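K.L.:
got a predicted model here, sequence first, then my questions.
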Amino acid sequence: DAGVIQSPRHEVTEMGQEVTLRCKPISGHDYLFWYRQTMMRGLELLIYFNNNVPIDDSGMPEDRFSAKMPNASFSTLKIQPSEPRDSAVYFCASSSKYPGFAGELFFGEGSRLTVL
Amino acid sequence: KQEVTQIPAALSVPEGENLVLNCSFTDSAIYNLQWFRQDPGKGLTSLLLIQSSQREQTSGRLNASLDKSSGRSTLYIAASQPGDSATYLCAAGGNTDKLIFGTGTRLQVFP
């Protein structure tokens, strides 16, 4: 398997624009996570899905952020409108079991977002 | 609320040294403790996963231990090499929460 695949790897946009980040989890993994990493706050969980259903979105910072998982092989994280403080590296990760219990977490290489 | 702390934040050692990275967590009711490696500009790679019923896990030159009662885990790297240079993060998993990550230890091994 190719691992967790994220696109784009880099995105530079202007404040107010819509940003869509994409993720393809490892085939067969039932859990998908979106994280955000910044120097100031470290790695933060934004939202996670189990079997394509959003389970916990309490980490989503604002209503400007939304995430979907229309099928088992694809998820998107959308920011609309984007703001400079959204600049960060966004990671997608997947697991075959809930990581809090026993599942090993596999990360993609991240999408580095810069909002000017 | 679970909090995970890693000390030191940065470490620089000469090649060949054995070293220990520390991870502390406040809530001992964890299900597992995971160690990850992150190279610059890359995602996190899982190194070792210790279940709460285990005391340690080993993979090659890496050995991770878990002491739930004291709220500590250590990652031991034997005979360090320049290729070990990276940021190492630990994460605690519980039954009512997600994985909680520490802020990491940035390791540099120089020749």
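P.N.:
Sure thing, it's come through.

K.L.:
need the nearest residue in space to the most centrally placed residue in chain A, chain neighbours excluded.
P.N.:
With distances taken as Cα atoms, centre = their mean, residue A:34 lies nearest the centre of chain A, 2.8 Å away. Taking Cβ to Cβ, 6 or more residues apart in numbering or on different chains, and ignoring the residues beside it in sequence, residue A:34 has residue A:46 as its nearest neighbour in space, at 4.4 Å. Glycine gets a C-beta too; all of them are placed from N, C-alpha and C.

K.L.:
chain A against chain B: which residues are in contact?
P.N.:
Residues of chain A lying close to chain B (Cβ under 8 Å from any Cβ of the partner chain) are A:4, A:33, A:42-43, A:45, A:48, A:56, A:91, A:93, A:99-102, A:104-110, A:112.

K.L.:
the residue nearest to the centre of chain A: helix or strand, and which one exactly?
P.N.:
Residue A:34 belongs to strand A:31-38 when assigned by DSSP states H and E.

K.L.:
give the next helix or strand downstream of that strand.
P.N.:
Per DSSP H and E, the first helix or strand lying C-terminal to strand A:31-38 is strand A:42-50.

K.L.:
between strand A:31-38 and that following strand, find me the angle.
P.N.:
Following axes from the mean of the first three to the mean of the last three Cα atoms, to 10 degrees, one obtains 160 degrees for the angle between strand A:42-50 and strand A:31-38.

K.L.:
now do the strands in chain B.
P.N.:
Assignment of strands within chain B using DSSP state E yields the ranges B:4-7, B:10-14, B:19-25, B:30-38, B:44-51, B:56-59, B:62-67, B:72-77, B:86-94, B:100-101, B:105-110.

K.L.:
so where's the chain shaky on pLDDT?
P.N.:
I'll assume chain A. The model of chain A has pLDDT under 70 over residues A:1, A:98-102.

K.L.:
my question was about chain B, not that one.
P.N.:
If you take pLDDT under 70 as the line, chain B has these spans: B:95-97.

K.L.:
and it, which of its residues are near chain A?
P.N.:
B:31-32, B:34, B:36, B:41-46, B:49, B:51, B:89, B:91, B:93-99, B:101-104.

K.L.:
narrow those to just the buried residues.
P.N.:
Those of the residues of chain B next to chain A that meet the buried threshold are B:31-32, B:34, B:36, B:43-44, B:46, B:49, B:89, B:91, B:93-94, B:97-99, B:101-104, by 16 or more other Cβ atoms under 10 Å in any protein chain shown.

K.L.:
thinking again about what came up before, run the chain-centre distance for the strand holding residue A:34.
P.N.:
Distance of strand A:31-38 from its chain centroid, counting by Cα atoms, centre = their mean, to the nearest Å, is 5 Å.

K.L.:
same thing with stretch A:41-61?
P.N.:
Centroid displacement of stretch A:41-61 relative to its chain, using Cα atoms, centre = their mean, is 8 Å.

K.L.:
mind listing what residue 18 touches?
P.N.:
Here I'm looking at chain A. A:78, A:79, A:80, A:81, A:82 (Cβ atoms under 8 Å, 6 or more residues apart in numbering or on different chains).

K.L.:
my bad, chain B
P.N.:
Counted by Cβ under 8 Å, 6+ apart, residue B:18 has contacts B:76, B:77, B:78, B:79, B:80.

K.L.:
buried subset of these?
P.N.:
Here, 16+ other Cβ under 10 Å leaves B:77, B:80 buried among the contacts of residue B:18.
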